[in-house]
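Asks: Sequence first, predicted coordinates after that:
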Amino acid sequence: MLKGLIFDVDGVLMDSMPYHADAWVKAFGEVGIHITNMDIYEIEGSNHKGVVDLIFRKAGMEPKTSDYEAFLKKKREYFLQNNRAEPFKGMPACLQALKEKYKLAVASGADRTIVNSLMDRFYPGIFEAIVSGEDVTRGKPDPEPYLTAARKLGLEPEECMVIENAPLGIKSAKMAGIYCVAVPTYLPKEKLMDADMVLRDHAELIGYLSRFV
């Protein structure tokens, strides 16, 4: 029986990934690693440590221990300077209705400062649990983020549903044993086919979630 819903943030609740990607591109460019926004979209869901590991590896380099904190600070600074993220149309009202019947959580790879600022501004009082990239040892695609969110809700994985928009997040949910619904935002639908259900867009997602209210 469904008792809880766990949402990814960027690309599901917030149209924010372009600002995250721009910040990462700028931060890596400062050390001579040149990437594109699509490089970030393809590893969306990783926490900052995962992003640094994956991008350094792709560049044939090895990060130093000090790089993780340095890149986290740089990326956060650039994101907050240029962030113009907005919630996807209809999502705040949809979640407000869902909150009347279900426990709600978010599980994001972004750092705590950014996740909390977005949720406080656009989804105040909606979530019983917030899991950021800094709240787990292993980020997506590891199951830890979604297992942590379910545990914070006091629920078993099979009592939850995950809403995702990225391949690593889908893998994380499925490895956690949680039913996963995906919506394509920054990547084509074909990249999301490991989800249990893939919807066309946010309008269809809202229609689907409204059936549970």
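Replies: Alright, I've got the coordinates.

Asks: these two touch, right, residue 68 and residue 51?
Replies: No - using Cβ atoms under 8 Å, residue 68 makes no contact with residue 51, being 9.7 Å away. Every C-beta, even on glycine, is put in place using the N, C-alpha and C of the backbone.

Asks: Please say which of the two ends up with more neighbours.
Replies: With neighbours defined as other Cβ atoms under 10 Å, residue 68 and residue 51 compare such that residue 51 has more, 26 against 16.

Asks: domains in this structure, as residue ranges please.
Replies: Per automatic domain parsing, the structural domains of the chain span 4-15+85-210, 17-82.

Asks: Mean pLDDT for those domains - can I get that in JSON lines?
Replies: Formatted as JSON lines, those follow (pLDDT from 0 to 100):
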{"stretch": "domain 4-15+85-210", "mean pLDDT": "97"}
{"stretch": "domain 17-82", "mean pLDDT": "94"}
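
Asks: most tightly surrounded among the ones you listed?
Replies: Among these, ranked by average contacts under mean count of other Cβ atoms under 10 Å, first place goes to domain 4-15+85-210 (a mean of 20).

Asks: Centre of the chain to that domain, how far?
Replies: Relative to its chain's centre, domain 4-15+85-210 lies at 6 Å (Cα atoms, centre = their mean, to the nearest Å).

Asks: got it, and stretch 43-58?
Replies: 13 Å.

Asks: likewise stretch 62-78?
Replies: 19 Å.

Asks: Name the surrounding residues that touch that stretch.
Replies: Stretch 62-78 has contacts (Cβ atoms under 8 Å, 6 or more residues apart in numbering) with 20, 22-24, 26-28, 30, 48-49, 51-53, 56, 111, 113-114.

Asks: cool, stretch 134-154 as well?
Replies: By Cβ under 8 Å, 6+ apart, the list of residues contacting stretch 134-154 from outside reads 3-4, 6, 45-50, 103, 105-109, 111-112, 128-129, 131, 133, 156-157, 159-160, 162, 166-169, 171-173, 175-178.

Asks: Check which element follows the longest helix along the chain along the chain.
Replies: Secondary structure of the chain per DSSP state H: the longest helix is helix 65-82. Of the helices and strands lying after helix 65-82 in sequence (DSSP states H and E), the nearest is strand 86-87.

Asks: packing partners for that following strand?
Replies: Under the contact criterion of 3 or more Cβ pairs under 8 Å, 6 or more residues apart in numbering; DSSP states H and E, strand 86-87 touches strand 14-15.

Asks: Moving C-terminal from the strand it packs on, which element do we reach first?
Replies: Next along from strand 14-15, by DSSP H and E: helix 17-29.

Asks: elements contacting the next helix or strand after that next one?
Replies: Following helix 17-29 in sequence order, the next helix or strand is helix 37-41 (DSSP H and E). In terms of contacts (3+ Cβ pairs under 8 Å, 6+ apart), helix 37-41 is packed against helix 17-29, helix 48-58.

Asks: where does the first one sit relative to the chain's centre, distance-wise?
Replies: I take that to be helix 17-29. Its chain's C-alpha centre lies 15 Å from the corresponding centre of helix 17-29 when counted by Cα atoms, centre = their mean.
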